[in-house]
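Got a predicted structure here, sequence first:
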Amino acid sequence: AHPPPPPPPPPGFFDDVNKAAVAPGKVSGTAALFAELEAKGQAAAAGLRKVSKDQMTHKNPALRASSVVAAGAVKSASGGPAAAAPAAAAKKPPKMDNVGNKWFIENFEGKEDLVLDDVTPRTAVLFVKNKQSLIQIPGKINTLSIDSCTKCRILVGSCVASVEIINCQSVQIQVTGTTPMITMDGCAGVIVFLSQQCIDDDVSIVSSKCSEMNVVLPGKTEEEDPTEIPVPEQFETKIKGGKLETTALSHVGA
């Protein structure tokens, strides 16, 4: 069954509305516009210019063609010129250049046979913006910087100063010789393979703003499997004697 209709409004409910509708001098909006046109009659069109057939776009195809609005004249809803679509970043060509004592290896993608053996202990190697590539640097160099790379593998002999990994995603680095320090900054998914010589030389690993970092240690014997250990990402800080003491929280099963 349908619900009963609402009760009628109380007496005098529409009095104000009716008074406003009939009150003289209160006409406004569309009603006022039509009232003015009706009062003027034919005089309302006296100032309008008659359009000939050759000036009508539906009668003159050439006029339609010339009425196209230029692309630069289009404006946005805010009244200003429409914002241009951002241009796609041009893909830079891969390069492997030697400048002084620096090697620049950049913009390679899907290249898995890169080898750099023209190096000395004074050489700095910059491996930048590469994707899905592998490079081998079997000699001893000064520094190795891996910057903004994705899904790459790097094999290096020894680094006199350090190995730096910056803003990388899913990369693997293997040190077959030794290096005193490995730093990671703004990375995710990094695996570091260390040699026994690195461990014997007391290598330091420094990380900041990183996640999913793992270090692979060699087995104690050739028959023993390597051990993969996650680098802590959680820390606990306590205040003692007006100073902060921070310790890493151990991973379960580590």
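Thanks, I have it.

where in this protein is pLDDT low?
For the chain, residues meeting the criterion pLDDT under 70 lie at 1-85, 87-88, 251-254.

mind listing the helices in it by residue range?
Using DSSP state H, the helices of the chain run over 15-22, 29-40, 61-65, 196-200.

all strands for the protein, in order.
Assigned by DSSP state E, the strands in the chain fall at 95-99, 102-106, 114-115, 124-128, 134-147, 153-166, 169-175, 181-185, 188-193, 204-208, 211-217, 227-230, 235-240, 243-248.

helices and strands around the first one, which ones?
What it means is strand 95-99. With contacts taken as 3 or more Cβ pairs under 8 Å, 6 or more residues apart in numbering; DSSP states H and E, strand 95-99 sits against strand 102-106. Every C-beta, even on glycine, is put in place using the N, C-alpha and C of the backbone.

ok, residues contacting the strand it packs on?
Contacts to strand 102-106, defined as Cβ atoms under 8 Å, 6 or more residues apart in numbering, come from residues 92, 94-98, 114, 116, 119, 123-130, 135.

I only care about those residues that end up buried; give me the PyMOL line for that.
The PyMOL selection below is limited to those of those classed as buried (16 or more other Cβ atoms under 10 Å):
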select buried, resi 114+116+119+123+124+125+126+127+128+129+130+135
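
which ones are touching residue 95?
Counting by Cβ under 8 Å, 6+ apart, residue 95 has contacts 104-107.

Tell me the buried residues within these.
Buried members of those, counted by 16+ other Cβ under 10 Å: 105-107.

With respect to residue 190, which of the residues you listed is nearest?
Nearest to residue 190 among these, counting by Cβ to Cβ, is residue 105 at 18.6 Å.

Quick check: beta-bridge partners of the closest one?
Beta-bridge pairing of residue 105 under DSSP bridges involves residue 96, residue 127.

Please renumber the chain so that the first residue is 62 from this point on.
Yep, numbering from 62; the last one is residue 166 now.

ok, it to residue 213 distance?
Using Cβ to Cβ, to the nearest Å, residue 166 is found at 10 Å from residue 213.

Find residues that contact each of the two.
Counting by Cβ under 8 Å, 6+ apart, the residues touching both residue 166 and residue 213 are 188, 191, 196.

and those residues as CSV, adding distance to residue 220?
Formatted as CSV, the shared contacts of residue 166 and residue 213 follow (distance: Cβ to Cβ, whole Å):
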residue, distance to residue 220
188, 12
191, 18
196, 14
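
Residue 249: which of those is nearest?
Nearest to residue 249 among the shared contacts of residue 166 and residue 213, with distances taken as Cβ to Cβ, is residue 191, at 16.4 Å.

give the contact list for the closest one.
166-170, 172, 210-211, 213.

Kindly tell me how buried the closest residue to residue 225 other than its chain neighbours is, as a neighbour count.
In space, and not counting its chain neighbours, residue 225 is closest to residue 206: 4.6 Å by Cβ to Cβ, 6 or more residues apart in numbering. Residue crowding around residue 206 was assessed by other Cβ atoms under 10 Å; the count is 16.

swap in residue 266?
Using other Cβ under 10 Å: residue 266 sits among 15 other residues.

Could I get the contacting residues of residue 183?
Taking Cβ under 8 Å, 6+ apart as the test, what residue 183 contacts is 162, 203.
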